[in-house]
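Student: This is the structure alone, sequence omitted:
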DNA sequence: GGGCTTTTGCAAATGATTTGCAATATCAGT
DNA sequence: ACTGATATTGCAAATCATTTGCAAAAGCCC
Ligand SMILES: [Mn+2]
Ligand SMILES: [Mn+2]
Ligand SMILES: [Zn+2]
Ligand SMILES: [Zn+2]
């Protein structure tokens, strides 16, 4: 099956700003924060305000198109498309690497069985030292 | 081996406030935020200021005695002893259940092999609906 | 107990995120 | 294409969790 094109949810209007935010998130390699999205849009010549970025991120998150997360020692939220929500972070240089084949699915069954929860989502953050930083 | 008693790290002074914060965290069943710790201390008759709570949480986190985390749709940090850092959250009622046998360890090896990271820590948050809320 | 350093409390500052409001844009229905 | 109803935006101001400066109080080694 094809990687399906990201569409603005039913009931919401298609605006220049909204589409541009989604495009930035599609092209991002890992979760980024509101300010970064804002600046990237400015670089691309998109006229937008920071509050519009925040308002759209809130709605996209609520609709499940985007996943919000927090990184250790940062007090800003980051946002990413769902396929980039699990990652490794280097404690030394801050490098972020996406975990592609999410290990979590294999444990879903076990968690359901043990706790009786119906599971709707998860997020995994792993800290460590990247190969480059290990050499130093 | 015994569950070792939580001690204030070498080089730091033993204060009434610091010990009380640690005790609250020891007795907590899941991660709680600074304000909750503050109010619990007040309830227990401990005279303390909110900034002292924050300052101690920062130092305890830096020293690794405490783990900081963020929950979805909350903009406050939560703190817990390391054994309570992975949890399930009910999207309906907010109930939090600790994941005792952390599934992550089984994937550590695979992550190390695939990404070359030296892994120092992780945090897992799982969202879902608890058994009680499913009945409704 | 004395002296030296850390810790605390309080009030003020910070900084990310949210919100009120008036202006603008989108879109469904004509 | 035009219009009205409604959603969205920009800007400035408000929020609120967290941090910080500073002077007073406490802990610790001798
Ligand atoms: Mn996963
Ligand atoms: Mn904040
Ligand atoms: Zn690195
Ligand atoms: Zn529930």
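Tutor: Cool, the structure landed. Quick caveat, the model's predicted, so the values are computed rather than measured. Ligands and ions are numbered 1, 2, ... in the order given.
Student: how near is the residue nearest the centre of chain A to residue A:102?
Tutor: Central residue of chain A (Cα atoms, centre = their mean): residue A:80, 1.7 Å from the mean position. Distance, residue A:80 to residue A:102, using Cβ to Cβ, to the nearest Å: 13 Å. The C-beta positions use only the backbone N, C-alpha and C, and glycine is treated the same way.
Student: cool, and residue A:120?
Tutor: For residue A:120 relative to residue A:102 (Cβ to Cβ), the value is 15 Å.
Student: And the strand ranked longest in chain A, what's buried?
Tutor: If you go by DSSP state E, chain A has its longest strand at strand A:118-129. Neighbour counts over strand A:118-129 (16 or more other Cβ atoms under 10 Å in any protein chain shown) mark A:119, A:121, A:122, A:123, A:124, A:125, A:126, A:127, A:128, A:129 as buried.
Student: ok, what's across the strand from the nearest residue to the first one once chain neighbours are set aside?
Tutor: In this case it means residue A:119. Excluding the flanking residues, the one nearest residue A:119 by Cβ to Cβ, 6 or more residues apart in numbering or on different chains is residue B:128, at 4.1 Å. In this entry, residue B:128 is beta-bridged to residue A:119, residue B:90, by DSSP bridges.
Student: So which residues of chain A form helices?
Tutor: A:16-27, A:34-43, A:50-62, A:105-115, A:131-135 (DSSP state H).
Student: If we ignore the residues flanking it in sequence, what's nearest residue A:80?
Tutor: Setting aside the residues directly before and after it, residue A:80 is nearest to residue A:31 in space (Cβ to Cβ, 6+ apart), at 3.9 Å.
Student: I'd guessed the one you found sits against residue A:96; true?
Tutor: Yes. The pair residue A:31 / residue A:96 is scored as a contact, 7.3 Å apart, by Cβ atoms under 8 Å.
Student: higher neighbour count, these two?
Tutor: Just comparing residue A:31 and residue A:96: by other Cβ atoms under 10 Å in any protein chain shown the higher neighbour count belongs to residue A:31, 26 against 19.
Student: Next up, phi/psi of the more buried one, please.
Tutor: Here is the backbone geometry of residue A:31 (degrees, to the nearest 10): phi -60, psi 140.
Student: Tell me the residues of chain A that contact chain B?
Tutor: A:68-70, A:72, A:75, A:77, A:88, A:90-91, A:97, A:99, A:103-104, A:106-107, A:110-111, A:115-131, A:134 (Cβ under 8 Å from any Cβ of the partner chain).
Student: can you narrow those residues to ones near DNA strand C?
Tutor: With Cβ under 7 Å from any atom of the strand as the criterion, the residues of chain A next to chain B include A:75, A:77 near DNA strand C.
Student: Need the per-residue pLDDT for residue A:131.
Tutor: The score at residue A:131 is 85. That number is its pLDDT.
Student: Would you mark the buried spots in stretch A:29-37?
Tutor: Across stretch A:29-37, burial judged by 16+ other Cβ under 10 Å covers A:30, A:31, A:32, A:33, A:34, A:36, A:37.
Student: which residues touch that stretch?
Tutor: Stretch A:29-37 is contacted from outside by A:21, A:24-25, A:40, A:50, A:53-54, A:57, A:67, A:69, A:71, A:74, A:76-80, A:84-85, A:87, A:96-98, using Cβ atoms under 8 Å, 6 or more residues apart in numbering or on different chains.
Student: pLDDT weak spots in chain A?
Tutor: Applying pLDDT under 70 to chain A picks out residues A:1-4.
Student: residues contacting residue A:9?
Tutor: Residue A:9 makes contacts with A:63, A:65, as judged by Cβ under 8 Å, 6+ apart.
Student: how far away is it from chain B?
Tutor: Here the distance between residue A:9 and chain B works out to 18 Å (Cβ to the nearest Cβ, to the nearest Å).
Student: What's the separation between residue A:39 and ligand 3?
Tutor: Residue A:39 sits 23 Å away from ligand 3, going by Cβ to the ion, to the nearest Å.
Student: swap in residue A:11?
Tutor: As judged by Cβ to the ion, residue A:11 and ligand 3 stand 43 Å apart.
Student: Tell me how many other residues crowd that residue.
Tutor: Neighbours of residue A:11 under the rule other Cβ under 10 Å: 6.
Student: If anything else comes up later, I'll come back, but that's it for now.
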